[in-house]
Structure formats: structure tokens, C-alpha cells
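S.K.: my questions concern the predicted model and sequence given below.
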Amino acid sequence: MVSEDEPVSDSDLASLVGDILNPEMPTKSKKKFKPKGMFLGHRRDNNDPIDIPSQVLARHAAMLGSTGSGKTVMAKALIEEAALAGIPALIIDPQGDLARLALGIDEGELHERDGDVERKRKLMEDCEVRIWTPLRSKGLPLCIDPFRAPPADLDAEEAITAWDMVAAGFTSLAGYDVEKAQGKVVKPFLYEILVEGTRCGLDVGDFQSLARVVREPHHEFTKHLYPLCFIEDEDGEKPEVPPWDEVMFDHRLANFEERLPKTTRNDLARRLAAFSSGVNQLLFSNGVAIDIDAFAEPTIPGKIPLNIVYLNTIQDEAQKQYFVQELSRELYDWMLTQQPAEGELKLLFFMDEVAPYLPPHPRNPPAKDLIKLIFKQARKYGVACVLATQNVSDVDYKILAQANTTFIGRFTQPQDVEKVRHLLKESGGDQDLVAQLPTLGPGQFQMVAPDVDPAPVPIQCRWLYTNHGSPLNEDQVEDLISPEIRAWAKARSAGRKGRGSGAAHAASRGSKWSSKQEDTDAESLVETARIKAIGGMTAAGKGMVDESGFEVRLMGGLSVLKDGKDPLYTMQAAVNGASVVALCWAFVALLEAWRTGDIGWTGLAFSGIITLTVALFITLELVLSHDLILLRKLSKFARFAQLFLVAWIWTIFSWSTWGSLNLMGLDPLLEVVVVWVTLFTLIDIINRFRLGKIRWNGGSALDKVVGITAILTDSQMSEMRANSKQILGVFRWILHGCTVVWLSLLIAFANPLEDAANWLDISYHIHLWLASLYALMFFSEGWLRVRNRYTEDDEV
């Protein structure tokens with residue numbers, strides 16, 4: 001990429017490259033040729049092009065060179081060539097240098113440097129550069145899902161390794177060093193809690209739930225496995241709770257509380273629970289959860305995705321270490337799901353400035369073991385790993401030695417030169433090239449690649465097809481993200497993948513003595529928890545039908561009409577729409593009454609507050625339909641206000657019916673709305689009394705009223721029996737009964753014997769036929785309901 005006779009400067013690489021790009025500087029004419037593989041540059045000794053097959057990267061590579069050596073330029077050339085070969089990339093960019101891959105170089109400048117303009121155009125047309133910004137939305141926001149379980153179809157050995165990584169992640173996140181005494185105790189404890197909790201179906205799918213289980217593991221496991229022992233019967237008594245020894249034997253569990261003292265468990269639980277609130281939660285909720293499948297798949301078919309993880313947006317070093325660890329864990333789990341590569345490269349994994357994550361022994365930061373494991377197994381799954389560092393003495397040489405191809409640039413510090421000598425000795429390379437390292441210029445490297453040439457290859461890096469300069473800041477990154485890619489990322493940020501228990505069963509079998517007891521798969525936990533967090537009507541609006549109790553919401557809920565699949569919630573949303581129209585019309589009528597002096601300020605002000613409140617809630621729900629957490633908070637706040645809504649609708653109806661209020665033709669609609677609202681309120685109250693088991697001892701009357709609406713959300717909704725389909729069935733059955741009674745009255749009072757001609761009246765026969773059909777359905781369904789009720793009572 002640069003002329004070999006350029007002077008070596010002690011300035012940084014950006015300044016050097018700026019000097020190199022001076023068009024007045026003479027360049028050496030190079031013969032044009034058609035690359036067959038990865039064209040990285042020319043030999044410095046004979047000017048032959050260096051064109052290597054992309055499969056060379058399957059055995060990994062390393063970029064070594066001090067500041068000003070051109071290491072980043074060489075790395076970018078390698079990434080460009082991999083992209084031209086159709087290989088997607090996952091790039092960890094600590095400073096923002098590699099984010100400039102999104103910028104193409106000026107074609108005139110490239111032509112002056114004898115660069116290949118056609119290949120540059122192909123690169124820019126074929127590539128899709130995504131810049132991910134953890135904790136920030138300047139680029140594409142990226143977050144961690146630490147509760148995503150390992151893949152389900154792992155064997156015992158792979159499952160144990162994968163779950164061990166999950167436990168190590170939580171241990172490090174909680175502030176414990178896995179290499180120190182306390183961390184070595186905490187990690188296996190968390191491993192058992194996570195594996196056995198997932199296997200048994202216990203909720204350990206969020207920080208609060210995990211903290212609760214960590215604090216009192218025996219109580220939480222027993223409560224989950226023997227729920228009837230914690231529920232009072234009709235006499236107010238509870239069955240005896242089995243001792244933990246019995247629970248352990250029946251379910252093949254460990255004595256968790258013996259493995260970690262109570263004080264340590266409480267401290268661990270407190271640290272874990274802290275991540276569910278404040279700034280900490282941005283790391284786990286802001287944006288798209290790390291998904292290697294998404295990284296490897298293009299937004300537009302035919303494109304090659306280059307995913308650049310811009311770590312500058314994470315200021316805290318501990319969080320940065322944890323983020324790299326979880327990213328590596330997701331990559332490792334993804335690799336295990338891939339078929340053997342058989343020579344195909346599926347992904348390029350590039351890490352720049354790896355010294356903080358791969359330091360020499362005895363330091364062992366969280367991501368180190370994972371990256372070592374990835375290096376060992378990646379080739380089998382078609383993942384090419386490339387590391388880059390300017391501080392070779394600060395990187396574990398055992399990891400660098402696993403790179404079969406090494407690009408060694410200029411080093412002047414004796415300790416770095418000696419480290420390179422030791423590295424070459426370990427890998428069996430030619431140590432004579434070490435003497436040349438202090439004399440190399442920018443962009444000049446010694447390529448040690450036994451798969452290409454037994455001897456070191458003196459390489460002059462080619463001119464880049466993308467822009468090179470100073471690192472990009474957050475504002476510059478924001479300008480590089482296209483609306484189409486932002487829309488794609490936003491679509492992928494809704495929810496996270498559910499937890500499977502397959503890997504937990506495999507890990508549990510592998511870590512226990514053999515048992516003849518058959519394992520059964522536990523249900524997915526995350527999706528259930530997510531639906532609970534959304535709330536009834538919002539869940540129905542997103543096309544999900546929860547099996548928990550029906551929750552009435554007379555404020556908001558209009559989004560259900562768009563794509564809700566639950567008929568009862570859709571009916572209620574229609575009621576909400578009609579209520580809004582009635583409220584607005586009533587406010588106009590009151591405004592007219594106030595203008596004529598029939599009412600004072602009080603009624604008008606109260607009506608205005610109720611109407612604006614309802615409109616505000618509905619508007620916020622529609623605007624915040626993508627944010628489930630805010631929707632849940634909004635729903636809780638609306639429960640109390642909706643009671644005033646029901647009361648106010650009844651007040652307006654009574655005022656217009658028996659008072660002097662003129663609704664200007666609204667009376668029929670308002671009467672229908674009153675019937676609908678009252679019906680749904682009664683359904684909600686009756687259902688919650690039946691299921692919520694509301695107790696009226698203690699507290700104020702207002703507490704009881706609010707409790708009617710809140711009881712299911714604040715209790716274990718999954719233990720309730722009713723769902724909206726059951727309620728709708730009861731509702732339909734009652735309507736059938738009312739229809740039978742009404743049609744019977746019509747037939748009885750028709751009195752056909754007074755006039756024989758009435759027997760020919762077709763309406764009489766229609767009434768009779770309809771009454772007989774409705775009576776058949778009503779009494780048949782009623783008989784079945786009575787039989788089912790007796791059966792349930794007998795079973796209990």
C-alpha cells in the first residue's frame with residue numbers, strides 16, 4: 001500500500017498514512033493482474049503480487065506491529081479481501097479505526113496509486129457495513145442476553161462447557177474473580193442453580209428471579225416443585241412441606257445451601273438484583289441482543305455483512321470485559337450449532353488490540369478462556385479468527401502461537417523483539433527475520449505462512465479500497481447507518497430468544513451419578529415471563545394469547561384491534577374505542593351546557609380531565625407499543641384511573657337520562673357503551689374474585705377496589721385456571737340462555753289461537769325454531785358444565 005522507500009516516523013499511524021496519501025509522492029508502477037484469491041500486496045524483493053487462498057485463514061492469523069507499523073492498514077486489507085471472497089465478518093473495534101471500513105476511498109486517489117478501481121466498486125456494492133454501539137443508539141444499539149441458554153442439542157461434555165461459560169459470566173458480572181478463592185466457590189454454585197433450575201422449570205430467567213433463587217435456593221425449588229404445599233385449603237391449612245433431603249432424592253438435586261454460606265448468598269443476590277435497574281440495565285435491554293445468526297445473515301439478499309462492534313461506547317472497563325466475554329460465548333454457542341465446515345469459511349472473527357483480553361499468565365480476564373477455546377475449535381466449524389496487537393509482550397504467546405499465519409511489522413522495543421523471537425521459536429518459524437523488524441517501514445510486514453510459503457514472505461501491503469484515517473467518534477458513526485439497516489435492527493430488537501432446557505438436561509446428566517429416572521423437558525421460561533411482563537391486552541395485541549386470567553383494561557388497548565388474536569381482548573378494545581368517542585362527544589355536550597350556563601366549572605373540568613387522561617393513555621400506548629417495560633408501568637398506573645372512567649360514564653348516562661343534560665343525539669351510543677363497559681367490569685370483578693381469592697380482612701376499602709384490578713398481576717398468574725377463551729365461553733353460554741328466555745316470551749305472548757292466520761306468520765316459526773336451537777345448545781352446554789364441575793370437585 002505504501003512505497004518502501006518512505007522514511008520511518010515516530011508519529012502515529014494516521015499521520016503516517018496521511019503523508020503516504022500525498023499525490024506528489026512517486027509510486028512504483030505495478031503490473032495489473034486478476035486476483036484469484038486474497039490479494040494482500042506485493043513482495044518487496046521481486047514485486048510479485050501476493051495472492052493467497054482464503055482457506056489459509058481457516059487456521060487463523062495474527063497481526064503484530066508497533067504504533068506506526070501499518071498494522072491496522074494490513075488488517076483492513078485482510079478484511080476487505082475476506083469480504084470480496086464472500087465471508088461475513090464480526091469485528092471487535094476498541095477505538096473506532098475499523099469503523100472507517102464503511103467509507104470508500106476516492107477512486108481518483110486509488111487510480112493514482114495503481115489500485116484496482118473495479119474491485120473497490122465491487123467491495124462497496126457487495127458489502128453491508130453495520131456499526132454496533134453497545135449502550136448507545138448512535139450506531140445500531142447492541143445488548144447482552146446473559147440468560148440465553150446454550151443450544152438444546154448438545155452432548156453432555158459440550159453442555160457442561162457451555163453452562164460453565166454462562167456461570168462464569170454471571171460470576172464475573174457480580175464482581176467475583178473466577179481465579180480467586182471466592183470466585184471459585186461462587187461459579188460452581190451458580191452453575192448448579194442455573195442448570196438445575198432450568199432443568200426443573202424454575203424461573204431463573206431474569207436478574208430478580210435469579211437473585212431470589214440464589215438467596216433461598218431450597219425454599220424456591222421446593223415451592224416450585226411442590227406448589228400445593230404452599231396453598232391453604234378451604235380450612236386454612238397447608239399440607240406439610242417435604243424436607244430438603246426428600247426433595248434432593250426425588251429430583252436429583254444438590255444441597256445448594258451447604259455449597260455457599262448464607263452471607264455470601266445474600267451478597268451475591270444483592271449484586272445480581274442491582275443489574276435489573278438503573279444504568280446497568282442498558283447493557284441488557286438497549287437494542288438488539290447479540291445474535292451471531294443475525295450477524296452472518298445480510299439485510300439485503302446477496303450482500304456480505306461486516307459487523308463492527310464499536311466498544312468506545314462502553315466506558316467502564318469491567319463492563320467492556322464482560323461484553324467481550326458474552327460476545328465470545330455467543331460465538332462459541334453458535335459454532336456448536338454449525339455443521340462441520342469441510343473447507344468452507346462461514347465467518348471471520350477479528351479482534352483488534354487484544355492485549356486487555358488476552359494477557360499473559362497468571363492474569364486471566366473473563367474472555368480469555370473463551371477466546372482460547374474458540375481458537376482451538378473454530379476451524380472445524382468454519383470460523384476464521386484473526387487477532388491484532390501492538391503490544392506483543394502483553395499478550396499470551398500461547399494464543400498467538402495458534403495462529404498459523406502471522407503478519408509481523410516493525411518493532412523497535414527490545415522486549416517486543418524478544419517476544420517475537422520466542423513466538424517464532426514456539427511455532428517453528430525462521431528467527432533470522434527478527435533482526436529485520438526495526439528496519440521495516442509503514443505497511444511493510446514479514447508474512448510467516450507455512451501454508452503459503454515455507455520461508456517468510458516480505459510483503460508490502462496494497463492500497464486500501466476503503467478510507468483510512470483517524471478513529472471515528474460516535475456522531476460520525478451515527479451518520480454512517482442507513483435507515484434501512486436501522487429499520488432491520490429495530491425489527492430484531494423485539495424480545496429475546498426463549499430458554500430451552502435440553503442443554504440443562506444434558507449437563508445435569510453429565511454432572512450427576514447415573515439415574516434410572518426418566519428426564520422430562522421443562523417448558524420454555526422466557527416467553528412466559530415476557531408475556532406476563534407485557535400484560536394481557538398488549539400481549540393479545542402482539543398476537544400472543546396468554547393462558548393466565550383475563551385482565552380488563554378500560555383505558556388504552558386499541559392496539560389490539562390491529563393484530564390481536566384473542567377474541568375477548570378484541571371485543572374489549574372495540575369497547576375502548578366506543579368509550580373514547582362517547583367521552584369526547586359528552587365533553588362537547590358539557591362544553592355547550594357550560595356556555596349556556598346550565599352547568600358550572602366543576603362538571604366541565606372533571607369531564608375534561610377524564611377525557612384528556614384517557615386520550616393520553618391511549619396515545620402513549622400506541623406510541624410506546626415497542627417498549628414492553630414502559631407499557632407495563634403505564635398499565636399499572638392506569639388501573640386506578642380506569643375506575644373513575646367507569647364511574648364517570650355512569651354519571652353522564654344518569655345525568656342525561658334522568659337529569660337535564662342534553663347529549664345532542666349521543667344517548668343511544670352512550671347507553672350501548674354503558675352496557676358494554678359494565679359487562680366487562682363485572683366479568684373482571686367476578687373472575688378475580690373467583691381466581692384471585694381476594695381477602696377482605698384489613699386495609700381500606702380503596703385497597704380492595706384497586707386489588708380487584710391488580711390481584712392477578714401481583715400474584716402468580718400462571719397458577720390461575722381461567723383464560724379469556726373460558727370467559728368468552730361462559731359469556732356466550734349466558735347470552736344463549738338470555739336468548740332462550742327472550743324467544744320463549746315472544747312465543748308465549750304471540751297468542752296464535754286468537755287468530756288462525758297468525759299460524760301462517762313466518763316470524764312465529766322463526767322464533768320457535770331459533771328458541772329450540774338455542775335451548776338445545778344452552779341446556780346441553782349447561783349439563784356438561786355441571787358434570788365437569790362435579791368431576792373437578794371430586795378430583796380435588
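M.R.: Now that the structure is in, tell me what you want to look at.

S.K.: and the strands in the chain?
M.R.: Ranges of strands in the chain, per DSSP state E, are 38-43, 49-52, 61-64, 89-93, 127-134, 140-143, 288-289, 304-310, 347-351, 383-389, 405-408, 444-448, 457-461.

S.K.: out of those strands, nearest to C200?
M.R.: Between C200 and the strands of the chain, the tightest spacing by C-beta to C-beta is seen for strand 288-289, at 24.8 Å. No exception for glycine: its C-beta is placed from N, CA and C like everyone else's.

S.K.: before we move on, the earlier item: can you flag the weakest of the strands of the chain by average pLDDT?
M.R.: Note on the strands of the chain: lowest mean pLDDT is at strand 288-289, with a mean of 90.

S.K.: what lines up beside it in the sheet?
M.R.: strand 140-143 (parallel) (DSSP bridges).

S.K.: residues in contact with the strand it pairs with?
M.R.: Here strand 140-143 makes contact (C-beta atoms under 8 Å, 6 or more residues apart in numbering) with 130-135, 282-290, 309, 481, 485-486, 489, 493.

S.K.: restrict that strand to CA atoms and write it as PDB.
M.R.: Output in PDB follows, covering the C-alpha atoms of strand 140-143 (Å, rounded to 0.1, in the frame of the first residue of the first chain):
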ATOM      1  CA  LEU A 140     -27.000   0.100  15.900                       C
ATOM      2  CA  PRO A 141     -27.600  -0.500  19.600                       C
ATOM      3  CA  LEU A 142     -26.400  -3.900  20.800                       C
ATOM      4  CA  CYS A 143     -27.100  -5.500  24.200                       C
END
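
S.K.: where in the stretch 201-350 of the chain is pLDDT low?
M.R.: Where the stretch 201-350 of the chain drops to pLDDT under 70, the residues are 233-236, 278-279.

S.K.: now do the helices in it.
M.R.: Using DSSP state H, counting those that start in this stretch, the helices of the stretch 201-350 of the chain run over residues 207-215, 217-225, 244-251, 256-259, 262-273, 282-285, 292-296, 317-336.

S.K.: using JSON lines, lay out these together with mean neighbour count.
M.R.: Formatted as JSON lines, these follow (neighbours: other C-beta atoms under 10 Å):
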{"stretch": "helix 207-215", "mean neighbour count": "22"}
{"stretch": "helix 217-225", "mean neighbour count": "18"}
{"stretch": "helix 244-251", "mean neighbour count": "13"}
{"stretch": "helix 256-259", "mean neighbour count": "15"}
{"stretch": "helix 262-273", "mean neighbour count": "17"}
{"stretch": "helix 282-285", "mean neighbour count": "18"}
{"stretch": "helix 292-296", "mean neighbour count": "18"}
{"stretch": "helix 317-336", "mean neighbour count": "21"}
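
S.K.: which one of those lies closest to P442?
M.R.: Across the helices of the stretch 201-350 of the chain, P442 has its closest neighbour in helix 317-336 (28.6 Å, C-beta to C-beta).

S.K.: please save the CA atoms from that closest one in CSV.
M.R.: What follows is helix 317-336, C-alpha atoms only, in CSV (Å, rounded to 0.1, in the frame of the first residue of the first chain):
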residue,chain,number,x,y,z
GLU,A,317,-13.6,-1.4,31.7
ALA,A,318,-15.3,-4.2,33.7
GLN,A,319,-18.4,-3.9,31.6
LYS,A,320,-16.3,-3.9,28.5
GLN,A,321,-14.6,-7.1,29.6
TYR,A,322,-17.9,-8.7,30.4
PHE,A,323,-19.3,-7.6,27.0
VAL,A,324,-16.4,-9.2,25.1
GLN,A,325,-16.9,-12.3,27.2
GLU,A,326,-20.6,-12.6,26.4
LEU,A,327,-19.9,-11.9,22.7
SER,A,328,-17.4,-14.7,22.7
ARG,A,329,-19.8,-17.0,24.5
GLU,A,330,-22.5,-16.4,21.9
LEU,A,331,-19.9,-17.1,19.1
TYR,A,332,-18.9,-20.3,20.8
ASP,A,333,-22.5,-21.5,21.3
TRP,A,334,-23.3,-20.6,17.6
MET,A,335,-20.3,-22.6,16.5
LEU,A,336,-21.6,-25.7,18.2
